[in-house]
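J.: 3D, please:
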Amino acid sequence: MSAKPQILLIEDNREVRLAARFVLEDLGLAVEEVENPVQALSFLEQHQPSLILLDMNFELDSTSGQEGLRFLRQQQQLGNTIPIVAMTAWSHTELVVQAMQLGAVDFLEKPWKNQRFEQVIRGQLQLNKLKNKSQALQHALAGDAKAVLWRSKAMQHLMTQLEVMAPTDANILLTGENGVGKSLIAQWIHQHSQRAAQPFISVNMATIPEQLFESELFGHTKGAFTDAKSDRAGRFKLADLGTLFLDEIGTLPLAQQSKLLRVLESREYEAVGSSVTEVADVRLISATNANLELLIAQAEFRQDLFYRINTFTIEIPPLRTRPEDIELLAEHFIKTHGQRYGKTQCRLTPTALNQLKQYDWPGNTRELGHLLERAVLLTQTDEIDPEQLHMSTPSQPSANKLPLITLEQAEQQLIAQALTNTAGNKQQAAELLGITKQSLYRRLEKYALI
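T.: Numbering: from 1, shown residues only. Predicted coordinates for the structure are as follows:
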């Protein structure tokens, strides 16, 4: 099995395929090329790539996108879960909306800018990786499996709340630490709502450049600004009649908060460059690991926006507060990764299980899944012992051992330590800190560390 994620490129233009291959291979990815959807279907019968790049036009014509839409429809009917990014030189709002409604996760205009191309590919691969590594949480939230994977009263109470709130159309705010599964819970709410048959559109607010905020959320018309070479549908348009998930909403700058508030209050918006008012018929779910009430007190988050997004607030408990769930989650992760890597007999030794229960889990369920995947790969026998876990001895927190410094000083120290531990790799440092790369850059600029 190749260690590299595999990309299936469906494109009839040889020069475009070559340009894409250069970028993808520079990213350390394996590339398989086919010239049309028919060849792609044959390939998919035998292989499971990590991502599909789909040109929308082939022999039928060069502008309608009907062949690409037909392929998306076929994959939807087959229950394909491989993320598909649509590509075309003839994009228009209607085609983008149709493609996203049929399951495309994003849209690239040709000729693309390599920075945008890389951002889309990296983002979708990372999202797919997290989804695969969080299968335990997905199954637990899907229905009957919750009785198997949840023992804690905290999670049983959470599920009771979700079952009441999901069928309503009320806005929901999900809070909790990084790694507790906020995005997966948002998907569960959508799947159990009256909008389940409509699109679920997810946006990470921390990754949107401030100057592109309106374009990303509300769309733009051709010529609205320098790089606007065609009409582009915003996320509110793509989520029409469905659910819009705004992740990391606490990172939204104040100037953009007022623009979002206006849409939530009036349900109306205009695409950049357009005078046509459109109606936003979406169910809003937001998520944050920040203390929004503290940000309000510091005048960094609008109180009126807070009231708009938190009709219901769901706090997802961290893993360290429910140690009775660790054994069941660990067994499920080991089973999942064991099947993936051909080690189906793997099991934890009592000593290793005890070590898991004693650990504080700052990265929560996500960290547990990462750690056990590595352990499954490392073990040479059917048993996973502390040697394969590679966990440090848990330290007992003590308030007396913490230096009395400001929050800004503490943040600077953590950033410097993360960069040291990752040899200056900013992407890895951001992941270690539990923030996006863009958020890390903002902090580096704030503290003049670059």
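
J.: from here on, just use CA atoms for contacts and neighbour counts.
T.: Will do.

J.: please tell me how far the nearest residue to residue 221 once chain neighbours are set aside sits from residue 207.
T.: Leaving aside its sequence neighbours, residue 221 sits nearest to residue 231 (C-alpha to C-alpha, 6 or more residues apart in numbering; 4.3 Å). Separation of residue 231 from residue 207 (C-alpha to C-alpha, to the nearest Å): 21 Å.

J.: more crowded one of those two?
T.: More crowded of residue 231 and residue 207, by other C-alpha atoms under 10 Å: residue 231, with 21 against 18.

J.: the more buried one and residue 218 touch, don't they?
T.: No: Residue 231 is not in contact with residue 218 according to C-alpha atoms under 8 Å; the separation is 11.3 Å.

J.: name the SS class of the residue nearest the centre of the chain, please.
T.: Central residue of the chain (C-alpha atoms, centre = their mean): residue 127, 4.3 Å from the mean position. Here residue 127 is recorded as helix under DSSP: H, G, I helix; E, B strand; the rest coil.

J.: with residue 85 instead?
T.: Following three-state DSSP, residue 85 is assigned to strand.

J.: where do the strands sit along the stretch 151-300 of the chain?
T.: 172-175, 200-204, 219-220, 232-233, 243-247, 268-270, 277-279, 283-288 (DSSP state E, counting those that start in this stretch).

J.: of the ones you listed, which shows the lowest average pLDDT?
T.: Sorting the strands of the stretch 151-300 of the chain by mean pLDDT places strand 232-233 lowest, at a mean of 82.

J.: paired strands for it, with orientation please.
T.: strand 219-220 (antiparallel) (DSSP bridges).

J.: distance between the strand it pairs with and the chain's centre?
T.: Offset of strand 219-220 from its chain centre (C-alpha atoms, centre = their mean, to the nearest Å): 22 Å.

J.: same thing with stretch 313-323?
T.: Put simply, stretch 313-323 sits 20 Å off its chain's centre (C-alpha atoms, centre = their mean).

J.: returning to what we had before: would you list the strands of the stretch 151-300 of the chain in a markdown table and tack on distance to residue 13?
T.: Putting the strands of the stretch 151-300 of the chain into a markdown table (distance: least, C-alpha to C-alpha, whole Å) gives the following:
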| stretch | distance to residue 13 |
| --- | --- |
| strand 172-175 | 44 |
| strand 200-204 | 30 |
| strand 219-220 | 28 |
| strand 232-233 | 23 |
| strand 243-247 | 35 |
| strand 268-270 | 36 |
| strand 277-279 | 37 |
| strand 283-288 | 40 |
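
J.: between the ones you listed, which one is nearest to residue 426?
T.: Closest to residue 426 of the strands of the stretch 151-300 of the chain, according to C-alpha to C-alpha: strand 200-204, at 18.4 Å.

J.: how far off centre is the closest one?
T.: Relative to its parent chain, strand 200-204 has a centroid offset of 8 Å by C-alpha atoms, centre = their mean.

J.: for the nearest residue to residue 30 once chain neighbours are set aside, give its distance to residue 428.
T.: In this structure, residue 30 finds its nearest non-sequential neighbour in residue 6, 4.6 Å apart by C-alpha to C-alpha, 6+ apart. Per C-alpha to C-alpha, residue 6 is found 21 Å from residue 428.

J.: which of the two has more residues huddled nearby?
T.: Between residue 6 and residue 428, counted using other C-alpha under 10 Å, residue 6 has the larger neighbour count: 20 against 17.

J.: the more buried one and residue 341, how far apart?
T.: 17 Å.

J.: before we move on, what about residue 430?
T.: 28 Å.

J.: show me which positions of stretch 20-28 end up buried.
T.: Of the residues in stretch 20-28, 20-21, 24 count as buried by neighbour count, 16 or more other C-alpha atoms under 10 Å.

J.: list the contacts of that stretch.
T.: Defining contact as C-alpha atoms under 8 Å, 6 or more residues apart in numbering, one finds that stretch 20-28 is touched by 4, 30-31, 114, 118.

J.: ok, which stretches of the stretch 351-450 of the chain are helices?
T.: 364-378, 386-389, 407-421, 426-433, 437-446 (DSSP state H, counting those that start in this stretch).

J.: mind checking which of these is nearest residue 15?
T.: Among these, if distance is taken as C-alpha to C-alpha, the winner is helix 426-433, at 30.5 Å.

J.: quick one: the helices in the stretch 1-150 of the chain, in order.
T.: 14-26, 37-46, 66-77, 93-101, 114-133, 135-142, 146-149.

J.: same list, these, but as TSV with mean pLDDT and distance to residue 381 please.
T.: Shown next, in TSV, are those (pLDDT from 0 to 100; distance: least, C-alpha to C-alpha, whole Å):
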stretch	mean pLDDT	distance to residue 381
helix 14-26	90	35
helix 37-46	90	30
helix 66-77	88	39
helix 93-101	78	45
helix 114-133	77	22
helix 135-142	48	24
helix 146-149	45	26
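
J.: quick one: residue 124 and residue 83 touch, right?
T.: Yes: assessed by C-alpha under 8 Å, residue 124 is found in contact with residue 83 at 7.2 Å.

J.: list residues touching both of those two?
T.: The contact sets of residue 124 and residue 83 overlap at 51, 105 (C-alpha under 8 Å, 6+ apart).

J.: which one of the strands of the stretch 151-300 of the chain lies closest to residue 101?
T.: Ranking these by proximity to residue 101 (C-alpha to C-alpha) places strand 200-204 first, at 8.8 Å.

J.: partner strands of that closest one and their direction?
T.: Strand pairing for strand 200-204, determined by DSSP bridges: strand 243-247 (parallel).

J.: now the strand it pairs with and strand 283-288, what's the angle there?
T.: 10 degrees (axes from the mean of the first three to the mean of the last three C-alpha atoms, to 10 degrees).
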